[in-house]
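Student: sharing a model that was predicted from the sequence below.
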Amino acid sequence: MYLKMSKFDVFISYSRRDTAVVDKICNALSKQNVTFFIDKKGLAGGGEFPAELEEAIDNSHLVLFIASQNSYKSKYTRGEVSYAYNTKDKGNIIPYVIDNSNLLDIKGMKLIFTNINIRNINEHPIEITLMKDICDLLGKSYEEPDTIVEEIEKKNKDILAEFKRIQTEEEQRIQEEIKKQKEKQEELLRKIEEEKIAELRRIEEISKDKERWEEEERKIREEEKNKIIEEQKAIIEAKKMPLKKKQDKCYFIAIVTITLTFIIGIWLGIKCHSFWIGFTIFFSPSMLSLVIPDYYDYKLKEIEGINNKDHISGAFCVAVTALALPIAVWRGLSNESFWDGAVVFFWSLAFCGLVAYIYDQIFKSKKSNDA
């Protein structure tokens, strides 16, 4: 397989210092039934680039360049890559980096490998990624090695077990965290509820105290008000007492006057054979005797704060009537004419009414202005 000059699937360009890695690649190619050419005997020797290598590259479908610091320093590998670049499609040249070098940083390599998918051994394993890329370019089916499959399955199981372990631990941690948060929330709600109840109780106590204070204050104000009223009543009663005594005396005198004038009026009326003389003797003194107690009644109401000045007009009318009646009777008897007496009496009443009306209007106007 190594030197048979026939059509090869892959030409391997490498440095002999990387033989250990290259042998693994060759074994992997053999397992995939991929034919390859590799210079194990050193065809180049110490001379120029041999024709055998040119022919091998020409007869190979792909060129696999094993890139490393060793191959960058080898003029033969650089020559192989340059020849392949000049004779083959760019897509048929596969760079595979087996160390930590950057292929595109190497002088002369950037032109060749720009826009080519560069693989490296650290991220792209030989038996999985590299072999699959080569099989895809050759149009061959890629067969996964059993050991690789088993290893992958084992790794998958390990990963799955680790994932489940992590998931279980995370779920437990989350559940513990949820439980702690729930306990904190319940504790916070309990404290808030206790504070709320305490605040409501405090407000209730304040409300009760306020109602009690307001009730006590109301009672005190009521007591003070009643006390002031009682004091005012006592003062008013003290002021009214002398007037009441005088009023009682006036009422007594009025009763005596009415009784005496009634008796005298009847006696004179019978003796003089005149109803009007008897009536006048009774009516005038009786009415005048009632005016004086009425005056005290006005003064008593004035002490109580009752404004009854309109009562004066009534007293005035009574007094004028009491005085006008005897004058009218005397006038009528002197002229022996009822109508002369009647005219005097009614004119007196008219005058009395006019004066009372004017007084009432003045009093009402004053009350309206005060309001």
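Tutor: Okay, I see it.
Student: check contacts around residue 39.
Tutor: 53, 56 (C-beta atoms under 8 Å, 6 or more residues apart in numbering). Every residue, glycine included, has its C-beta placed from N, CA and C.
Student: can you give me the pLDDT of residue 321?
Tutor: At residue 321, the model reports a pLDDT of 60.
Student: sorry, wrong one. I was asking about residue 61.
Tutor: At residue 61, pLDDT is 93.
Student: that one: which element?
Tutor: Element membership for residue 61 (DSSP states H and E) is strand 60-67.
Student: only alpha carbons, please: show that strand as CSV.
Tutor: Only the C-alpha atoms of strand 60-67 are listed here, as CSV (Å, rounded to 0.1, in the frame of the first residue of the first chain):
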residue,chain,number,x,y,z
SER,A,60,-4.0,11.0,-5.1
HIS,A,61,-7.4,12.4,-4.8
LEU,A,62,-6.7,14.4,-1.6
VAL,A,63,-3.6,15.8,0.1
LEU,A,64,-3.5,15.6,3.9
PHE,A,65,-1.0,18.1,5.4
ILE,A,66,0.0,17.2,8.9
ALA,A,67,0.7,20.7,10.2
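Student: now for the helix or strand where residue 78 lies, which elements pack on it?
Tutor: With elements taken from DSSP H and E, the one containing residue 78 is helix 75-87. With contacts taken as 3 or more C-beta pairs under 8 Å, 6 or more residues apart in numbering; DSSP states H and E, helix 75-87 sits against strand 8-13, helix 51-58, strand 60-67, helix 69-73, strand 93-97, helix 110-113.
Student: and of the ones you listed, who's closest to residue 219?
Tutor: strand 93-97 (104.0 Å; C-beta to C-beta).
Student: next, the angle from the closest one to strand 8-13.
Tutor: 50 degrees (axes from the mean of the first three to the mean of the last three C-alpha atoms, to 10 degrees).
Student: elements contacting strand 93-97?
Tutor: For strand 93-97, the helices and strands in contact under the criterion 3+ C-beta pairs under 8 Å, 6+ apart are strand 60-67, helix 75-87, helix 110-113, strand 119-120, helix 131-138.
Student: residues near residue 244, how many?
Tutor: Neighbourhood size, residue 244 [other C-beta atoms under 10 Å]: 14.
Student: so for it, what's the pLDDT?
Tutor: pLDDT, residue 244: 72.
Student: name the helix or strand for it, please.
Tutor: Counting by DSSP H and E, residue 244 is part of helix 146-271.
Student: ramachandran coordinates for residue 123?
Tutor: Phi and psi for residue 123, reported as degrees, to the nearest 10, are phi -100, psi -20.
Student: which residues sit in contact with it?
Tutor: residue 129.
Student: got it, and residue 70?
Tutor: By C-beta under 8 Å, 6+ apart, the contact set of residue 70 is 15, 17, 18.
Student: follow-up on the earlier one: so which of the helices and strands packed on strand 93-97 is the most surrounded?
Tutor: Comparing the helices and strands packed on strand 93-97 by mean neighbour count (mean count of other C-beta atoms under 10 Å), strand 60-67 ranks first with a mean of 24.
Student: hmm, who's touching that one?
Tutor: Contact partners of strand 60-67, identified using C-beta under 8 Å, 6+ apart, comprise 7-15, 18, 21-22, 25, 36-37, 57, 71, 77, 80-81, 84, 88, 92-98, 101, 103, 109, 118, 134, 137-138.
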